[in-house]
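Visitor: here is the input, now give the coordinates:
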Amino acid sequence: MTTELPQRSLLVALIVAMRPRQWLKNVLVFAAPLAAGALLEPDVLIPTLWAFVAFCLISSSTYLVNDARDVTADRDHPTKRFRPIAAGQLPLGVAWSAAVVLALASLGLSFTIRPSLAGVVGIYLVFTLAYSLRLKHEPVIELALLSMGFLLRAIAGGVASDLPISQWFLIVAGFGSLFMAAGKRYSELERSLHPSPDAAALDAERSVRRSLSGYTLGYLRFVWATAAAVTITAYCLWAFEVAAAPSTLPWAQWSVLPFVLGILRYGVVVDKGEAEAPEDAVLGDRVLLVIAVAWVVTFGLGALGV
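Guide: A predicted model of the protein is given here:
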C-alpha cells in the first residue's frame, strides 16, 4: 500500500527538515555546567542556554545539507522519502540557502558568547560535513565522527560558560557517546538482518546504510559493551571526586546507582535493536526517564554540595 505524502507549506517543510525533534540531543550542552554545580548561576546558565540555541541552529544546518546531498537515495527509501526535500516540498535551492544562513547564524551567535565556543561549533560543523559528504560510508571512521558529535555538545557547555572541564567528565562523555553511537548502529544492523515480516520492513532492508556492511553484530556488541564498561568505571571515579566537596549527604556517591541503572536499561533497548534513534529510545521509555531524573537530582545535589 502506498502512503500519501503529507501536505506542507514551504515554511512548515523547512521547519520539519530542520528536525526539531532531534534538538533533544543538544541538552548535552548542560552536562558540564551541571557537573560543575554551577548550572543555576546566571553567568553560567545564560551563555549555556545560548550555546544550546547555537547547536540547534548548526545541527539543523547539517541536517539540511545531509538531506540535500542524499535527496536521490532518500526518494527510493520507504520512510526517508517523506522528508521535505525528498518529497519535493522544500526546493534544493531553498534548502542549501537555509543551511548556509543557519550555519552563519550559529557561528556568529557562538562567537558573540565566547570565541572559543565558535571554535567548538566550527569543529562540529567540519566533522559533521565530513561525515555527511564523504565519510559516513566508512566503517569505524563514521562511528568515531558520530561519537564526536555527542562529545562536542557536552564540551560546548563548559566552553560557553568558561568552566574548567574535568578529565573524568571528558572520559565519561567520550565513551558514553561511543556507547550510544555503537548502540545506534547495532540496532540498525539488527533490524536489517532480522526485519519484521511486514512489507515496509522488507523494503527498508533493501535500503540499508552502506557502512553497516563493514560491521557484524558481534563487533558492535563488543564496542558498545566496552564503551559502557569504561563509562561506568570513569563515572564512579568522577562521582567520588565530586563527593570530595562538602555535602550533608553522599549525593554524588548515591548518583552511581541511577547512572549504572540507566546504562543497563539503555543496554536493554540496544539489545532489542530499538536504539536507532537515541532520542526516541529515551523518550519512549518511562522507566529510563525516571532513572534519568533520579540521576540528575542526586548528582546535581552532590555537585552543588547540598
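
Visitor: give me the below-cutoff pLDDT ranges for this structure.
Guide: Within the chain, the ranges that satisfy pLDDT under 70 run 1-6, 196-208, 242-248, 305.

Visitor: how is it partitioned into domains?
Guide: With domains defined by automatic domain parsing, the chain comprises 10-165, 166-306.

Visitor: quick one: end-to-end length of the shortest one, please.
Guide: From the first residue to the last, domain 166-306 extends over 20 Å; the measure is CA to CA, to the nearest Å.

Visitor: for the first one, same thing?
Guide: Using CA to CA, the end-to-end distance of domain 10-165 comes out at 42 Å.

Visitor: next one: stretch 13-32
Guide: Terminal residues of stretch 13-32 are spaced 34 Å apart (CA to CA).

Visitor: buried residues in it, which are they?
Guide: 13-14, 16-19, 22-23, 25-26, 28-32 (16 or more other CB atoms under 10 Å). C-beta here means a position set from N, CA and C on the backbone, and glycine is covered the same way.

Visitor: farthest pair within these?
Guide: For the buried residues of stretch 13-32, the maximum inter-member distance is 35.1 Å, found between 13 and 32 (CB to CB).

Visitor: residue contacts, the residue nearest to residue 36 when sequence neighbours are not counted?
Guide: Spatial nearest neighbour of residue 36, excluding adjacent residues (CB to CB, 6 or more residues apart in numbering): residue 163 at 4.9 Å. Residues near residue 163 by CB atoms under 8 Å, 6 or more residues apart in numbering: 32, 33, 36, 38, 44, 157.

Visitor: which one of these is nearest residue 71?
Guide: Comparing those against residue 71 with CB to CB picks out residue 157 as the nearest, at 33.8 Å.

Visitor: filter the contacts of residue 163 down to the ones in helices?
Guide: When DSSP state H is applied, the contacts of residue 163 are split such that 32, 33, 44, 157 fall in helices.

Visitor: export these as a markdown table, with columns for distance to residue 146.
Guide: Shown next, in a markdown table, are those (distance: CB to CB, whole Å):
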| residue | distance to residue 146 |
| --- | --- |
| 32 | 20 |
| 33 | 24 |
| 44 | 28 |
| 157 | 20 |
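
Visitor: among those residues, who's most crowded?
Guide: Ranked by the number of neighbours (other CB atoms under 10 Å), the ones in helices among the contacts of residue 163 place residue 157 first, at 31 neighbours.

Visitor: isn't that residue up against residue 26?
Guide: No - the pair residue 157 / residue 26 is not scored as a contact, 9.9 Å apart, by CB atoms under 8 Å.

Visitor: neighbours of residue 88, just the number please.
Guide: The tally of other residues near residue 88 (other CB under 10 Å) stands at 13.

Visitor: start at 53, not 1
Guide: Will do, 53 is the new start, and the previous item becomes residue 140.

Visitor: how much space between it and residue 123?
Guide: From residue 140 across to residue 123, the span is 9 Å (CB to CB, to the nearest Å).

Visitor: one more: residue 220?
Guide: According to CB to CB, residue 220 stands 43 Å off from residue 123.

Visitor: what does residue 177 give?
Guide: On the measure of CB to CB, residue 177 and residue 123 end up 21 Å apart.
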